[in-house]
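A.B. asks: Here's a sequence, model it:
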Amino acid sequence: MKTYALALDLKDDAQLIEEYEQYHRTIWPEVKESIQAAGIVDMRIYRLGNRLFMLMEVADDFSFERKAEMDANNPKVQQWEALMWKFQQPLPQAKAGEKWLLMEEIFKL
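C.D. replies: Predicted structure coming up:
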């Protein structure tokens, strides 16, 4: 099993942040199913201010490319992702259209 860490910012607006969190308390079943079908075994999102940190534990055969392809072919996931852009803003180092950025592991005990 592999672990990945990713980061993203939310728009710095308390009302939008609360709404974003509400969506994640009741994530759409189709989105949850797509996450699991891609080989993501566990996913957690943490927040500090408007910074998000995602921790993903994935099966050995997980691939970001495969997940992206699956998402592109899933209308409900596309609807969810479009909705999430209402709340999210790219990190300064993100390329156009990039959301969650993979973080580099620099220490492990």
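
A.B. asks: Number of residues surrounding the residue nearest to residue 90 when sequence neighbours are not counted?
C.D. replies: Spatially, and ignoring its direct neighbours in sequence, residue 90 is nearest to residue 98 (5.9 Å; CB to CB, 6 or more residues apart in numbering). C-betas here are computed from N, CA, C, even on glycine. As a burial measure, residue 98 scores 11 neighbours (other CB atoms under 10 Å).

A.B. asks: just residue 43 next, same as before
C.D. replies: For residue 43, the count of nearby residues is 16 (other CB under 10 Å).

A.B. asks: and it, that one's in a strand?
C.D. replies: Yes - under DSSP: H, G, I helix; E, B strand; the rest coil, residue 43 sits within a strand.

A.B. asks: tell me the contacts of it?
C.D. replies: Taking CB atoms under 8 Å, 6 or more residues apart in numbering, we find residue 43 in contact with 35, 54-57.

A.B. asks: So the closest residue in space to residue 76 that isn't next to it in sequence versus residue 79, what's the distance?
C.D. replies: Nearest non-adjacent residue to residue 76, counting by CB to CB, 6+ apart: residue 30, 3.9 Å away. Residue 30 sits 9 Å away from residue 79, taking CB to CB, to the nearest Å as the criterion.

A.B. asks: and if you look at residue 19?
C.D. replies: From residue 19 to residue 79 the distance is 16 Å (CB to CB).

A.B. asks: Next, the contact list for the residue nearest to residue 76, please.
C.D. replies: Residue 30 neighbours (CB under 8 Å, 6+ apart): 74, 76-77, 80.

A.B. asks: Give the helix, strand or coil label for residue 33.
C.D. replies: helix.

A.B. asks: can you pull the contacts of it?
C.D. replies: Contacts of residue 33 were listed using CB under 8 Å, 6+ apart, and none were found.

A.B. asks: mind running it again at 10 Å?
C.D. replies: Residues counted as contacts of residue 33 (CB atoms under 10 Å, 6 or more residues apart in numbering) are 74, 76-77.

A.B. asks: Could you do residue 2 as well?
C.D. replies: Residue 2 is in contact with 39, 41, 56-62, counting by CB under 10 Å, 6+ apart.
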